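K.L.:
kindly return the folded structure for what I paste below:
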Amino acid sequence: LKNNPNLIIIFADKNLGPVIIERSVYIRWCLKAFLGKESQYEYLNRIALRRQLNLMAYKVGSIKNSAAIPEHIKIYINKCYEAAGSRQGRFRATAKVHKTPTALRPVNAKCGTGPESISKWLDYELQKLVQFIPSNIKDSKEYHARLTNKQWPAGTKIITADATAMYDNITINHGIEIIGVWLNHLKENNQLPDDFPDIKLILEALSFIMKNNITQFGDCFFKQLCGTAMGTSVAVMYAGLYYGWHEKIRLLPGYSEEIQDLARFVDDLSVLWLGSLRRFHDLKQDINDFGILRWKVEEPADKGIFLDLVISISPEGIVSTKTYQKPMNLYLYLLPSSAHQRNTMKGVIFGELKRYYWQCTDKKDYVEVARLFFQRLLDRGWDFDQLKRMFVNANYKVCNPPPLPQAISESTTSDNDKNIYLKLGRFHPHYIPSRTCQQIYEEELSTTLRDTIGIEKMVVCYKRAKNIGDIVSQTSLFQNRGEEVSTYLGRTTES
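P.N.:
I've put the predicted structure just below:
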């Protein structure tokens, strides 16, 4: 399959397995849906690409040479650019097989490119502001605790909403403008962290990332013209802060009596609502009144799906939840023949049961989802008796958790600094077991290293072996001679 010149293997969206598609169909589809749209992408021939890269180099120099940027960040950016050279992002697409009709989701692999170093730095700095986003939640577990730890007013309903192509529908100028407003507001109220960089520098760097996103597809290069820079590390925080400002100045003040709770995880929104239907329609209109970003908003109901939770609210305002699993989920758990460490599946089972346990208010729901999990592992070829032992042990630990350890005072030295790491390459079942390495270490080295340099323990590390998906799929597009991407555009790379 990997060497077949006429077929290409891509991944399905939502972890729905591999998809085999004709190479020519895939190229035409990517061009028609994304890269060939002149309103979204600009094709760059070699001359235009060289001019664009020179312009980017000048702007990067301006950012790096700013007196406001820390010295260690300058060194980091320089090293990344030296290692990356002229490498640009690689375009590919995943298949949305769960949609009707089937569509593609664009992906731009920016890892290892020069601009990504600036994007990562921006992400690190903007992460310091996440506490100011009114709707921010870390994950569904945090939201679950917030919902179930209190009784809400009688008659409370749940509203869920999903943004339509959030990243694509944040216009660059409006997005940067809103981030600037956010930062200046925090500065005026003395809320910016003491170590936060100069606002002008942040906005300059953000503008550089959003307006200079180049991707390579086959033998062609394209520049993104609109929307959030695809594939960049800062994209999530940028989008979160963008809509968070609208929540802060419009939604929460305008519906302070009706909104009992507001939560958002990137492009998924959940509202606990106590208000009239007329006020809901006003809210729906206001949710969609921010730039060109639009949301699909569900009617207020007693039950809703948010992230991996089915949330139900009783007439008295008591919230209960259970695990939500998508209908098309393939449940591609590890096979018993997979070359993993012996205890890997024990960890998988314990982790899944632990998640099901806190997600399910009614333990009958927990038993049912655990039963389905057991059956799915049987279907993957696992032995019944072996599974039974692992499930019984995991269930006991989940239902009888150990007491939390006492709080330990903060130390100036991280625990990671007290470890020594032994890298053994890719794991193989017939190689020396990690427990043997640990035994040799304890017998021969532990005392000496602990007494001389303070090493507390040795951590055995393995590099993940490639799976079938890694082998048959490729980030860079293979092109048959005479069937390069440029030929589908009716161009040459010179024109």
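K.L.:
mind listing what Gln322 touches?
P.N.:
One correction, residue 322 is Lys, not Gln. 309-310, 312, 359-362, 365, 369 (C-beta atoms under 8 Å, 6 or more residues apart in numbering). Where you see a C-beta, it was placed from the backbone N, CA and C, and this is true even at glycine.
K.L.:
residue ranges with poor pLDDT in the stretch 351-495 of the chain?
P.N.:
Along the stretch 351-495 of the chain, segments meeting pLDDT under 70 span 405-417, 475, 491-495.
K.L.:
ok, which stretches of it are strands?
P.N.:
419-426, 457-463 (DSSP state E, counting those that start in this stretch).
K.L.:
what helices or strands is the lengthiest helix in the chain leaning on?
P.N.:
Criterion DSSP state H: the longest helix present in the chain is helix 46-64. On a contact count with 3 or more C-beta pairs under 8 Å, 6 or more residues apart in numbering; DSSP states H and E, helix 46-64 meets helix 71-84, helix 114-126, helix 199-211.
K.L.:
how big is the angle separating that helix from helix 199-211?
P.N.:
160 degrees (axes from the mean of the first three to the mean of the last three C-alpha atoms, to 10 degrees).
K.L.:
I'd like the numbering to begin with 488 instead of 1 from here.
P.N.:
I'll keep to 488 as the first residue from here, and by that count the last item is helix 533-551.
K.L.:
report the buried residues of helix 533-551.
P.N.:
Buried residues in helix 533-551, counted by 16 or more other C-beta atoms under 10 Å: 536, 539-540, 543, 546-547, 550-551.
K.L.:
and stretch 684-704, how far out from the chain's middle?
P.N.:
Relative to the mean C-alpha coordinate of its chain, stretch 684-704 is positioned 20 Å out (C-alpha atoms, centre = their mean, to the nearest Å).
K.L.:
buried stuff in that stretch?
P.N.:
684, 686, 688-704.
K.L.:
who does the residue nearest to Gln539 when sequence neighbours are not counted bridge with?
P.N.:
Spatial nearest neighbour of Gln539, excluding adjacent residues (C-beta to C-beta, 6 or more residues apart in numbering): Leu531 at 6.0 Å. On the basis of DSSP bridges, Leu531 is bridged to Phe708.
K.L.:
could you pull up the residues touching Ile514?
P.N.:
705, 964, 970, 972, 975.
K.L.:
outside of the longest helix of the chain, which residues touch it?
P.N.:
531, 556, 561, 564-565, 568, 573, 601-602, 605, 688, 691-692, 695, 699, 701, 708, 710, 980-981.
K.L.:
if we use 10 Å, what do you get?
P.N.:
Contacts of helix 533-551 with the rest of the structure, by C-beta atoms under 10 Å, 6 or more residues apart in numbering, involve 529-532, 556, 560-562, 564-565, 568, 573, 575, 601-602, 604-605, 608, 688, 691-692, 694-695, 698-699, 701, 703, 707-710, 979-982.
K.L.:
in PyMOL, select just the buried ones from these.
P.N.:
This is the PyMOL syntax for the buried subset of the contacts of helix 533-551, where burial follows 16+ other C-beta under 10 Å:
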select buried, resi 530+531+532+556+560+564+568+575+601+602+604+605+608+688+691+692+694+695+698+699+701+703+707+708+709+710+980
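K.L.:
quick revisit: looking at the helices and strands packed on helix 533-551, which is closest to Val721?
P.N.:
helix 601-613 (4.3 Å; C-beta to C-beta).
K.L.:
tell me the helix or strand right after that closest one.
P.N.:
helix 627-635 (DSSP states H and E).
K.L.:
name the residues of that next one that are buried.
P.N.:
Those would be 627, 630-631, 634, for helix 627-635 by 16+ other C-beta under 10 Å.
K.L.:
from the contacts of Ile514, which land in helices?
P.N.:
Per DSSP H, the contacts of Ile514 map to helices at 972, 975.
K.L.:
residue ranges of the helices in the stretch 638-787 of the chain, please?
P.N.:
659-675, 686-698, 722-733, 739-741, 764-774 (DSSP state H, counting those that start in this stretch).
K.L.:
could you say what helices and strands the fourth one packs with?
P.N.:
Translated: helix 739-741. Applying 3 or more C-beta pairs under 10 Å, 6 or more residues apart in numbering; DSSP states H and E, we find helix 739-741 packed against strand 746-752, helix 764-774.
K.L.:
which residues sit against that helix?
P.N.:
621-622, 733-734, 746, 749, 766, 769-770, 773.
K.L.:
which of the residues you listed lies at the shortest distance from Gly838?
P.N.:
Ser622 (27.3 Å).
K.L.:
and for that closest one, the neighbour number?
P.N.:
Per other C-beta atoms under 10 Å, the neighbour tally for Ser622 reads 19.
K.L.:
what's the answer for the one 4 residues further on, then?
P.N.:
In terms of burial, Asp626 registers 10 neighbours under the definition other C-beta under 10 Å.
K.L.:
give me every residue that touches it.
P.N.:
Here Asp626 is in contact with 752, 794-795 (C-beta under 10 Å, 6+ apart).
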